[in-house]
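> Build me a structure from this.
(one chain, ligands or ions: 1)
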Amino acid sequence: MFKRLLYQIPAWLQWFYRGVMWRGEAATPIVYITFDDGPIPEVTPRILDILREKNVHATFFLVGDNVAKYPHLYQRILTSGHRVGNHTFHHIKGWRTGTDAYLADVEHCNKVLGYGAGKPPLFRPPYGRIRTSQKVRLLRRGYKLVLWDVLTHDYNKSYTPELMLDIVKRYTRPGSIIVFHDSLKSGDRMLATLPKVIDYLRAQGYIFDTL
Ligand SMILES: [Zn+2]
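Here you go, the predicted model:
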């Protein structure tokens, strides 16, 4: 029970976040690998190399400020066939930000991403937390809110690649959304784990898709 609370979103939180996607349809053996917080020059190109080598498409929840700083990395993500989502412009904390200011920061990120017609914009709140008022307004504006059901803890220094792989083995189910971080903090630990995770899941018969 303790571990489930640590690595998965508990049932009460799933209820709290109704209207928010935290796992895909369980009918097919699809998994969704996601990366938060990029793009950054130290890590993103190495993720893209691994994904290309393994022929996997993923979803990147990007910080607008990083997209504005590194537009070439953003273009590389897009031309590689990955999907992108909005992770606010300044990676702000919803619970410390007024709803109008929060919405403005999200829209600012959208402008930098150049979200056009087609699929509704994906949004993942930084830290997985927002106020209900923020959630309601984002849903009304057509955002598709996405959390996760498998958290690798790649930002945590005490988590080895072996432990992270073990979390994935224990908790991934058909439809699971797995979170990694495209950040300096997670960098090497995440990059050492990612190929192992892909190989393991593929051997289990999983198919990788974008959200
Ligand atoms: Zn984040």
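
> need the helices for this structure, in chain order.
2-7, 11-16, 44-54, 64-69, 71-79, 99-113, 132-140, 161-171, 187-203 (DSSP state H).

> Which among those helices is found nearest to the ion?
helix 64-69 (10.7 Å; CB to the ion). Using the backbone N, CA and C atoms, a C-beta is placed for each residue, glycine as well.

> For the closest one, list the C-alpha coordinates in PDB.
Extracted C-alpha coordinates of helix 64-69, given in PDB (Å, rounded to 0.1, in the frame of the first residue of the first chain):
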ATOM      1  CA  GLY A  64       7.500  27.600 -22.600                       C
ATOM      2  CA  ASP A  65      10.600  29.500 -21.400                       C
ATOM      3  CA  ASN A  66      12.800  26.600 -22.500                       C
ATOM      4  CA  VAL A  67      11.100  26.400 -25.900                       C
ATOM      5  CA  ALA A  68      11.700  30.200 -26.400                       C
ATOM      6  CA  LYS A  69      15.400  29.700 -25.400                       C
END
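
> which residues are in contact with that helix?
By CB atoms under 8 Å, 6 or more residues apart in numbering, the list of residues contacting helix 64-69 from outside reads 37-40, 73-74, 86-91, 105, 108-113.

> got a list of what Ile77 touches?
39, 44, 48, 60, 62, 84 are the contacts of Ile77 under CB under 8 Å, 6+ apart.

> re earlier: and the helices of the chain as TSV, adding mean pLDDT?
Below are the helices of the chain laid out as TSV (pLDDT from 0 to 100):
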stretch	mean pLDDT
helix 2-7	52
helix 11-16	59
helix 44-54	98
helix 64-69	98
helix 71-79	96
helix 99-113	95
helix 132-140	93
helix 161-171	96
helix 187-203	97
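
> Make TSV from these and add distance to Arg124 to it.
Converted to TSV, the helices of the chain look like this (distance: least, CB to CB, whole Å):
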stretch	distance to Arg124
helix 2-7	17
helix 11-16	15
helix 44-54	17
helix 64-69	13
helix 71-79	15
helix 99-113	11
helix 132-140	11
helix 161-171	18
helix 187-203	17
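
> Surely Tyr206 and Thr28 touch.
No - applying CB atoms under 8 Å as the test, Tyr206 and Thr28 come out as separate, 9.6 Å apart.

> residues shared between the contacts of these two?
In contact with both Tyr206 and Thr28: Pro174, using CB under 8 Å, 6+ apart.

> Those two: who's more crowded?
Remark: of Tyr206 and Thr28, Tyr206 carries more neighbours, 18 against 11, as counted by other CB atoms under 10 Å.

> Next one: the more buried one from the ion, what distance?
As judged by CB to the ion, to the nearest Å, Tyr206 and the ion stand 24 Å apart.

> for Arg96, same thing?
14 Å.

> That residue: neighbour count?
10.

> check contacts around Gln204.
If a contact means CB under 8 Å, 6+ apart, then Gln204 has Pro29 as its contacts.

> Skipping adjacent residues, who's closest to Gly24 in space?
Gly175 (3.7 Å; CB to CB, 6 or more residues apart in numbering).

> any idea how far the ion is from the one you found?
22 Å.

> Could you tell me which residues of this protein lie near the ion?
When proximity is defined by CB under 5 Å from the ion, the chain lies next to the ion at 36-37, 126.
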